[in-house]
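*Asks:* I'd like to go over a predicted model; first the sequence, then the structure.
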Amino acid sequence: MSKTYAPPADMAANAHVTEADYDKMYAASIADPTKFWGDHGKRIDWIKPYTRVKDVSYEFGNVSIKWFDDGTLNVAANCIDRHLAARGDQTAIIWEPDSPDDEALHISYRDLHKATSKMANVLKGLGVEKGDRVVIYMPMIPEAAYAMLACARIGAIHSIVFAGFSPDALSARVNGCGAKVVITADEAPRGGRNTPLKTNADKALAHCDDSVQALVVRRTGADVPWSDRDHDYNALAATASDDCPPAEVNAEDPLFILYTSGSTGQPKGVVHTTGGYLVYAAMTHQITFDYHDKDVYWCTADVGWVTGHSYIVYGPLANGATTLMFEGVPTYPDASRFWQICEKHKVAQFYTAPTAIRALMGQGDDFVKKADLSSLKLLGTVGEPINPEAWNWYNDVVGGGRCPIVDTWWQTETGGHLMTPLPGAHATKPGAAQKPFFGIEPVVLDPTDGSVVEGNGVEGVLCIRDSWPGQMRTVWGDHERFEQTYFSDFKGYYFTGDGCRRDADGDYWITGRVDDVINVSGHRMGTAEVESALVAHPKVAEAAVVGYPHDIKGQGIYCYVTLMSGDEPSEELRKELRTWVRTEIGPIASPDLIQWAPGLPKTRSGKIMRRILRKIAEDDYGALGDISTLADPSVVDDLIANRMNKG
Ligand code: ATP
Ligand code: MG
């Protein structure tokens, strides 16, 4: 039995959802989804109220997902205009710049209304109409949020491409959705260095149709090359009207396209629509983070990731929250930056990824302890399974043992959280995503025959039985791929691609990707388990484990290990780690090969791309596949150069 952490008494008493509420609401959401979502759809404002709630078919070959489909609304009006009367002067967005020496901005709902309307009028001036696509390739600056909301205001569809992506990745996405305009900036300051964003955009646009226009926001004011397709945003905004009536948009019109991380294969252009997505993003934001008026809420993700869409911009703003947007990185000027920002802006809810937690844990506790973190009420994590070691550090050192941790499991495809403990309702378990959100019915399937695994204390493939409003509707331009990817392997269910365990209490644990299971001498094991054992060693900062062909065992265990700063690789340490894993898990999990890796190949959102590590381990670098979504592709060359000799 793992240790559990009960909700703090005041949260248990005052949370939006208490323990008793959860059981009642969950049962109701499963028993009658139409009634449940028909009621909760009213949390946002509709221009024309819906009379139909749910119209869904998961039948392979005929998959169709619609929610509230005769209703109309506008997302920007929901995120801005409807708050103006009551909270026009309240801060909507706190912007913290890359350098702590530069001034933070406090953007009120009234300011946000003006800025978004101006940007919307500028886009209209460039000929952008309802249904047109706009690519956003921007630093984490307020204009990125204005751009998203401006598109929503006029009914254009945005597709954000993370500013760290290469020109190739950008041009593929611009062409993939047939964008009319690319919104970018002169430069993107990050960690004290300026990325030449405009120059990258130029390189990308050289491979796009001449009709594609660029709208360039001045961030640093640097001199940048200029051509006929370019428009100066600041000049146009200076004269643009700040009055732009919100367009009436159907609930099922697309709001945005966003490519998945590409951890497992070619990125997919996930399409989210308007009404259901906003209802789901708003509801999960309020309940998972137990957001209350006046709280300052901070999600450290980039807007180029779905977490930034749902939990920096759309969810919080639909709820009239104060949301913090940070331009920089956790380690600049030093590893105390996150905690300094929490202190400076009195952050109540802090939401980040395990990769950041592990990296900061590797820097030692002093960086945390020198900040006053007494404003924190809740911590969140997302992106990959969090190992108990990192969970405990987050809980004890960052949260001071006072703050519940919500381990939110979800995907680009799901629009919002599908599983998480609720902070006022559930005693948390380190490493467990634990409870389904309302309307989510997890099903554990046997991977070999697809049969439903009943009862507790079981493990298998994780599917979801029915739809929820925030679900993706299709892959942009390729509905067949949508059906193939999510509805063909296990008929009648949404297939998540993840494995899970349902423990004796009926709580869920995500065990990793189904692809990441290896078979060593006939024993199936999740690579996450070996990784978790490795990072529990005091000298290990991060580890990635993959299988490779092994003459005797079928598959051997190949470990890439990043050491804590200050620790040096040695043969002794290699032996020590082998013994360590054998004791932690058992002899069957003993690492066959351990490669020291100063860096691991990670996606933009900090996830390890195991498929690349698998290829390197298999000695097959000819077929690395799409690596355009890597944060730092040079890591791959280093890993290949230092590959273990398997001889
Ligand atoms: P691609 O689908 O292109 O391979 P990706 O799956 O990494 O990329 P995302 O949608 O960003 O793209 O990530 C979703 C995945 O991240 C989930 O399927 C799951 O594997 C993992 N994940 C997210 N949150 C958690 C969590 N709290 N616990 C465990 N795993 C998580
Ligand atoms: Mg995925």
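*Replies:* Here it is on my side, so go on. Residues are numbered from 1 along each chain as shown. Ligands and ions are numbered 1, 2, ... in the order given.
*Asks:* Could you pick out the residues of the stretch 451-600 of the chain near ligand 1 for me?
*Replies:* Thr496, Gly497, Asp498, Ile510, Arg513 (Cβ under 6 Å from any ligand atom). Any C-beta I mention is one placed from the backbone N, CA and C, and that applies to glycine too.
*Asks:* Make TSV out of the residues you listed and add neighbour count, secondary structure and pLDDT.
*Replies:* Output for these, formatted as TSV (neighbours: other Cβ atoms under 10 Å; DSSP: H, G, I helix; E, B strand; the rest coil; pLDDT from 0 to 100):
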residue	neighbour count	secondary structure	pLDDT
Thr496	23	strand	98
Gly497	18	strand	95
Asp498	19	strand	95
Ile510	23	strand	94
Arg513	19	strand	87
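*Asks:* Quick one: residues contacting the residue in the stretch 501-647 of the chain that ligand 1 sits nearest to.
*Replies:* Ranked by Cβ to the nearest ligand atom, the top residue of the stretch 501-647 of the chain for proximity to ligand 1 is Ile510, at 3.6 Å. When contacts are counted by Cβ atoms under 8 Å, 6 or more residues apart in numbering, Ile510 touches Pro385, Trp409, Met419, Ala433, Leu462, Asp498, Gly499, Cys500.
*Asks:* Name the residues of the worst-scoring helix or strand of the chain on mean pLDDT that come out as buried.
*Replies:* Lowest mean confidence among the helices and strands of the chain (mean pLDDT, DSSP states H and E): strand 523-526, at a mean of 78. Under the neighbour-count criterion of 16 or more other Cβ atoms under 10 Å, strand 523-526 has Met525, Gly526 buried.
*Asks:* Only C-alpha atoms, please: export that strand in PDB.
*Replies:* Provided in PDB are the C-alpha atoms of strand 523-526 (Å, rounded to 0.1, in the frame of the first residue of the first chain):
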ATOM      1  CA  HIS A 523       8.600 -11.000 -18.600                       C
ATOM      2  CA  ARG A 524       6.600  -8.000 -19.800                       C
ATOM      3  CA  MET A 525       7.600  -4.800 -18.000                       C
ATOM      4  CA  GLY A 526       7.000  -1.100 -18.500                       C
END
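*Asks:* Just checking the distance from the following helix or strand past that strand to the centre of its chain.
*Replies:* Note on strand 523-526: by DSSP states H and E, the next helix or strand toward the C-terminus is helix 527-535. Relative to its parent chain, helix 527-535 has a centroid offset of 22 Å by Cα atoms, centre = their mean, to the nearest Å.
*Asks:* Stretch 241-251 now?
*Replies:* Worked out by Cα atoms, centre = their mean, stretch 241-251 lies 28 Å from the chain centre.
*Asks:* What are the contacting residues of it?
*Replies:* Outside stretch 241-251, the residues that reach it (Cβ under 8 Å, 6+ apart) are 47-48, 50, 67-77, 81, 113-118, 120-121, 124, 130, 152-155, 273-276.
*Asks:* interface residues of the protein facing ligand 1?
*Replies:* Residues of the chain lying near ligand 1 (Cβ under 6 Å from any ligand atom): 260-265, 267, 382-385, 407-412, 433, 496-498, 510, 513, 605, 607.
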